[in-house]
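S.K.: I would like the atomic coordinates for the input below:
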Amino acid sequence: MNWGIFFFIAIAIILMRVFWLRIKANSMNSESFKALPPKDQLAVLKECLLNNPTETNLGNLGEFCKAHEINAEIESYRPLLTKQLEITKRKDAIAEDNELYAQESAWMDQIEPFEFSEAKTAKISGDESLAIQRTIEGIARLYSDEAIEKRLKALEPVYPKATKLLEGYRNLMKIRDNSGADEKSLETLRKKRDTWQEDLLTIEL
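M.R.: Now for the predicted structure:
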């Protein structure tokens, strides 16, 4: 079972203030959306597309990437979008949806959260603590197992807690992959992920 089944009800603390904008963000001209910092705008647009696969949301993400000179092959997401729309019309397609969500997550993580660039800038300036903080905030905005594991492993040499977080995430993956798709199992899994995310965002420097 993949995070796609319940990911959008497992709200990371860092994203709480932007999730309510996902409907308004369908229009990039909305005042509430334009008031957000670019890093939050990107998070909203990615979340919108994953949660609501439409041509409008794909186009919005493409326009944002172009405006901010982000090198992203937006058109390569279109087959995934088409497949998602097909799956939503069918019943009992959980396994197929899980596989597709993994592909969507990997694609989305190619567009790195701006927090990682902020972390690089902080590191260059010699502010290691800020670099660690921004990296963790960026990890909280990743979707795929591979991207999350990679970033946590890279963080281990300068942030000892990263080892604990990586072990915790791998344990979550095992629980998830062996979990049922019933309501009780999903609720238990959601709580465990919430706990992990809260620990992730409790920075210990």
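S.K.: could you report the neighbour count for Ile87?
M.R.: Neighbours of Ile87 under the rule other Cβ atoms under 10 Å: 16. Yep, even glycine has a C-beta here, placed from its N, CA and C like the rest.
S.K.: wouldn't it be in contact with Leu100 here?
M.R.: Yes: with contact defined as Cβ atoms under 8 Å, Ile87 and Leu100 form a contacting pair (6.5 Å).
S.K.: mind telling me what element Phe33 is part of?
M.R.: Using DSSP states H and E, Phe33 falls within helix 31-34.
S.K.: which helices and strands does that helix pack with?
M.R.: Of the remaining helices and strands, none touches helix 31-34 by 3 or more Cβ pairs under 8 Å, 6 or more residues apart in numbering; DSSP states H and E.
S.K.: tell me which residues of that helix are tucked away?
M.R.: Within helix 31-34, the residues scored as buried using 16 or more other Cβ atoms under 10 Å are Phe33.
S.K.: now the residue lying closest to Ile132 once chain neighbours are set aside: how far from Pro79?
M.R.: Once its chain neighbours are removed from consideration, Ile132 has its nearest residue in Tyr159; the separation is 5.1 Å (Cβ to Cβ, 6 or more residues apart in numbering). Tyr159 sits 37 Å away from Pro79, taking Cβ to Cβ, to the nearest Å as the criterion.
S.K.: again, but for Leu58
M.R.: Applying Cβ to Cβ, the value for Leu58 to Pro79 is 11 Å.
S.K.: what about these two, which has more around it?
M.R.: Neighbour totals were compared for Leu58 and Pro79, and Leu58 leads with 19 against 10 (other Cβ under 10 Å).
S.K.: and Lys83, how close does it get to Tyr101?
M.R.: In this structure, Lys83 lies at 11 Å from Tyr101, with Cβ to Cβ as the measure.
S.K.: more neighbours, the two?
M.R.: Summary of the neighbour comparison: Lys83 and Tyr101, criterion other Cβ under 10 Å, with Tyr101 having more neighbours (21 against 17).
S.K.: what helix or strand does that one sit in?
M.R.: Following DSSP H and E, one finds Tyr101 within helix 94-108.
S.K.: by contact count, what packs against that helix?
M.R.: With contacts taken as 3+ Cβ pairs under 8 Å, 6+ apart, helix 94-108 sits against helix 38-51, helix 78-87, helix 145-155.
S.K.: relative to helix 38-51, how tilted is the shortest one?
M.R.: Going by axes from the mean of the first three to the mean of the last three Cα atoms, to 10 degrees, helix 78-87 is angled at 50 degrees with respect to helix 38-51.
S.K.: lowest average confidence, helix or strand, in the chain?
M.R.: helix 16-19 (a mean of 42; mean pLDDT, DSSP states H and E).
S.K.: okay, now the unreliable bits of this protein?
M.R.: Low-confidence segments of the chain, defined by pLDDT under 70, span residues 1-29, 88-97, 181-182.
S.K.: can you rerun that using 50?
M.R.: Low-confidence segments of the chain, defined by pLDDT under 50: 1-25.
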